[in-house]
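Asker: Here is the input, now give the coordinates:
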Amino acid sequence: MDMRAHTLSAALAALLLFGLTGCGDDTLATPAPDETVSALETPSEESSDPDLPTNEDLELFVEAIASDKVASLEAAQAVTQEGSAAAGYLEYYTHNVNAQIDAGLYSSDLAGKIKPLENGFEVCYPGEEHCAEYTDFEGKNGKIVDFHVAEQAVSERLVMGDGQNAETFGGAEVEFIAAYMNASNSHLIVSYNLYTGDEELDIPLITYRSADGRQSESETHYGMFSLSPDSKSSYVAFFPGASLGGEVHLDFYSYETYQDDVVIFEVSEE
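Answerer: Prediction:
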């Protein structure tokens, strides 16, 4: 793998998590909502509360994110509550790793190093030493339901797709996966899958239309550029200065019919 791809992968990982920041101070635990329980008040003590995940499960969860490996991320779903923000975050992060693989940008040397904190873990990545803190874990039925990245609750910054696909040329389908506002508020990150039918399609022009009507192009948009018929690729786009509550516009072009088709997904704040 060339150095350009390795450097770009490191920068993408930093943006996916929290924006381009350095290592910070430890955060303080915050009270959990009534239906969940805060976990990991100290990393060396286990709670007898059945709602709390074990410290081993918390570490497995963060190690999976730090590994940047699809198999580890998928295995970590077992320690999250189905349908929770924590489960959604793993799906979002797994998708982004797959998009880097599809675009030829993935680096297996990107794994982060974990350090325990009083109420979570810090993960630092090689290169320019970008770090992220995973803290204030909440649990239900012994599974992880929510947590904070750089003092920001994931549940307040992540919107998952509803499982409904949109159709475009040649029987192709587009699946909206997630939109995530990274912890530094620098970028809104949009993830989707494309499944082609009987026609080859290029990566679409992607724009984001905010709630006030302002429409902007992406800073970075990656995945497989030209997708063969009956194929699949994952895609990710970064929108600087955008926020949740708008619409994603995907503009496809057919070389067979010489027509355009726009697929629109809403990115609700709820």
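Asker: Next secondary structure after the top helix by length along the chain?
Answerer: Secondary structure of the chain per DSSP state H: the longest helix is helix 85-102. Using DSSP states H and E, the helix or strand that follows helix 85-102 towards the C-terminus is strand 113-117.
Asker: list the helices and strands that following strand packs on?
Answerer: helix 55-67, strand 120-124 (3 or more Cβ pairs under 8 Å, 6 or more residues apart in numbering; DSSP states H and E). C-betas here are computed from N, CA, C, even on glycine.
Asker: contacts for the longest helix of the chain?
Answerer: 9, 12, 16, 61, 64-65, 68-70, 73-74, 76-77, 80-81, 106, 143-147, 153-155, 158, 160, 177-178, 180, 189, 191, 193, 222-224, 233-236 (Cβ atoms under 8 Å, 6 or more residues apart in numbering).
Asker: same deal with stretch 244-261?
Answerer: 157, 159, 168-170, 172, 174, 176, 179, 181, 188, 190, 192, 199-202, 204-211, 215, 237, 262-269.
Asker: Low-confidence ranges, this protein, go.
Answerer: Along the chain, the model assigns pLDDT under 70 to residues 1-48, 128-129, 269-270.
Asker: ok, which stretches of it are helices?
Answerer: 3-17, 55-67, 70-75, 85-102.
Asker: Tell me which of those is the most buried.
Answerer: Stretch with highest mean neighbour count among the helices of the chain: helix 85-102 (a mean of 22; mean count of other Cβ atoms under 10 Å).
Asker: and of the helices of the chain, who's closest to A111?
Answerer: helix 55-67 (5.3 Å; Cβ to Cβ).
Asker: Just the angle for the closest one relative to helix 85-102, thanks.
Answerer: Compare the direction of helix 55-67 with that of helix 85-102 by axes from the mean of the first three to the mean of the last three Cα atoms, to 10 degrees and you get 30 degrees.
Asker: ok, residues contacting helix 55-67?
Answerer: 39-40, 43-44, 46, 53, 72-73, 75-76, 79-80, 86, 90, 93, 111-114, 120-121, 123, 134, 137, 142-144.
Asker: And stretch 75-83, by the same measure?
Answerer: Residues outside stretch 75-83 that contact it (Cβ under 8 Å, 6+ apart) are 53, 57-58, 60-61, 63-65, 86-87, 90-91, 139-141, 143-145.
Asker: rerun that using 6 Å as the cut-off
Answerer: For stretch 75-83, the external contacting residues (Cβ atoms under 6 Å, 6 or more residues apart in numbering) are 53, 57, 60-61, 64, 86-87, 90, 140, 143-145.
Asker: with those residues in mind, which one is nearest to A242?
Answerer: Nearest member of the contacts of stretch 75-83 to A242, counting by Cβ to Cβ, is L90, at 23.1 Å.
Asker: domain parsing for the chain?
Answerer: 3-156, 160-266 (automatic domain parsing).
Asker: Apart from its neighbours in sequence, what residue is nearest I206?
Answerer: A237 (4.8 Å; Cβ to Cβ, 6 or more residues apart in numbering).
Asker: Can you show me the strands along the stretch 151-270 of the chain?
Answerer: Secondary structure of the stretch 151-270 of the chain (DSSP state E, counting those that start in this stretch): strands located at 152-153, 158-160, 166-167, 173-181, 187-195, 201-202, 205-209, 215-217, 220-222, 226-227, 232-240, 247-254, 259-266.
Asker: which one of those is the most hemmed in?
Answerer: Buried most deeply of these, by mean count of other Cβ under 10 Å, is strand 187-195, with a mean of 24.
Asker: how close does V145 sit to E82?
Answerer: In this view, V145 and E82 are 10 Å apart by Cβ to Cβ, to the nearest Å.
Asker: Give me the common contacts of the two.
Answerer: Residues touching both V145 and E82 (Cβ under 6 Å, 6+ apart): there are none.
Asker: Look at the two and report which has more neighbours.
Answerer: For V145 versus E82, the count of surrounding residues by other Cβ atoms under 10 Å is larger for V145: 27 against 8.
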